[in-house]
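Q: just need the structure, nothing else, for what follows:
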Amino acid sequence: MTRYSALIPFLPARAEQLVPVAALVQGSALHRLWSGQLLGLEAHQVFAHTAGLGLRIPVGTCVSLMPLRNPMEAVVQARSLARITGHPFVAGIGPGATGFQRAVLGHPYRSQLTAVREYLIAFRALLDGVETDAGAEYFPLEARLTDLPHPPVELGAGVLRPRMARLAGELADVALTWLTPPAYLREAIAPALAEGAASAGRPMPELTAVVHVALRRPGRDPVELATRVASGHLTAPHYTDMLHRAGIPVDPTDPAAGARALVDAGVFLTGDLDQVLAGLAAYRAAGVREIVLNLSGVGLAEGPAVAVRELAEITEAVTG
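A: Numbers count the residues shown, from 1 in each chain. This is a model prediction of the structure:
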């Protein structure tokens, strides 16, 4: 059965701003509240603050960028949030764009797959209380964490293309996707996840899709909303390559045209409520186990209050 969750639909400037959306998750059939990588208020701290206010809900990251966080510190944060919230925490990680890696580390990872593999293996070892691999190329840790009882921490991996999906199938509990059309998930990503899981003799990770959504409203231009929320992704080579593979023509030098292509293809999902529900049904049919409603385009253009109200309207329709 497919679950519905929500992404924080704005960039929080104060921790208290999470209260309405966290209260919506707590009081509705939404499963979890997710955050992408925040470079203002830090996501783990904002989630902990919200739990301290009494809104103890399941949360997760989709994704936390590896160059910013050593695996050991990432596990400490993940275990802490699981214990503070009292719910399983999904620790989604990803390498980020090579330009971001260069800006933070001075150089990109020589091999994206090797770097992610090492991070996932180190993360799992620390979670399981065993020694990490001191001889790893990117994350040479020699450490073991002391035992800390807590609800489960699920390890998530950001997945856009089949090779990373196979790796996630081997090592992750959750495969996290972003801007991925449902047909591409069904035909390219799900088979690769299954192949990786079979090679490792383990269950296939749950497939989670973050889906950009905005209802049709008078005076609202969905292409403008898609441009606001996705222009950074539309200039990143790993996203443009994925979209080309999925049959969506995007040009990294023209993100506005790319945003229109996302709207035309239904990847930025818009229309009346029935049209949005039909678009979400395509993700269910593609085998997605958790659909994360992302109203960040609305939040960026019209403010947090409008985004949370619209999220509540869509939530009632999909879970009612």
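Q: chain center to the helix or strand encompassing Leu280, what's the gap?
A: Leu280 is part of helix 273-285, with elements assigned from DSSP states H and E. Between the centre of helix 273-285 and the centre of its chain there are 19 Å (C-alpha atoms, centre = their mean, to the nearest Å).
Q: counting contacts, what elements does the next helix or strand after it pack onto?
A: Remark: after helix 273-285, the chain's next helix or strand is strand 290-294, criterion DSSP H and E. If you count contacts as 3 or more C-beta pairs under 8 Å, 6 or more residues apart in numbering; DSSP states H and E, strand 290-294 packs onto strand 3-7, strand 206-215, helix 273-285, helix 304-319. C-beta: built from backbone N, CA, C; applies to glycine.
Q: quick check: which ranges of the stretch 1-150 of the chain have low pLDDT?
A: Residue ranges of the stretch 1-150 of the chain with pLDDT under 70: none are present.
Q: returning to what we had before: so which bits of the helix holding Leu280 are buried?
A: Applying a neighbour-count criterion of 16 or more other C-beta atoms under 10 Å, the buried positions in helix 273-285 are 276, 279-280, 282-284.
Q: next, the angle from it to strand 290-294.
A: Note on geometry: by axes from the mean of the first three to the mean of the last three C-alpha atoms, to 10 degrees, helix 273-285 and strand 290-294 are set 140 degrees apart in direction.
Q: helix 273-285 to strand 206-215, inter-axis angle?
A: Computed by the same axes, to 10 degrees, the angle separating helix 273-285 from strand 206-215 equals 170 degrees.
Q: renumber starting at 14 from here on
A: All set: I'll call the first residue 14, so the last point we hit is now helix 286-298.
Q: now do helix 286-298, average pLDDT.
A: Confidence over helix 286-298, taken as the mean pLDDT, stands at 98.
Q: send the alpha carbons of that helix over as PDB?
A: Once non-C-alpha atoms are left out, helix 286-298 reads as follows in PDB (Å, rounded to 0.1, in the frame of the first residue of the first chain):
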ATOM      1  CA  LEU A 286      -7.600  18.300  -7.800                       C
ATOM      2  CA  ASP A 287      -8.800  15.400 -10.000                       C
ATOM      3  CA  GLN A 288      -5.900  15.900 -12.300                       C
ATOM      4  CA  VAL A 289      -3.400  16.000  -9.500                       C
ATOM      5  CA  LEU A 290      -4.900  12.800  -8.000                       C
ATOM      6  CA  ALA A 291      -4.600  11.100 -11.400                       C
ATOM      7  CA  GLY A 292      -0.900  12.100 -11.600                       C
ATOM      8  CA  LEU A 293      -0.200  10.700  -8.200                       C
ATOM      9  CA  ALA A 294      -2.000   7.500  -9.100                       C
ATOM     10  CA  ALA A 295       0.600   7.000 -11.800                       C
ATOM     11  CA  TYR A 296       3.300   7.000  -9.200                       C
ATOM     12  CA  ARG A 297       1.400   4.400  -7.200                       C
ATOM     13  CA  ALA A 298       1.000   2.300 -10.300                       C
END
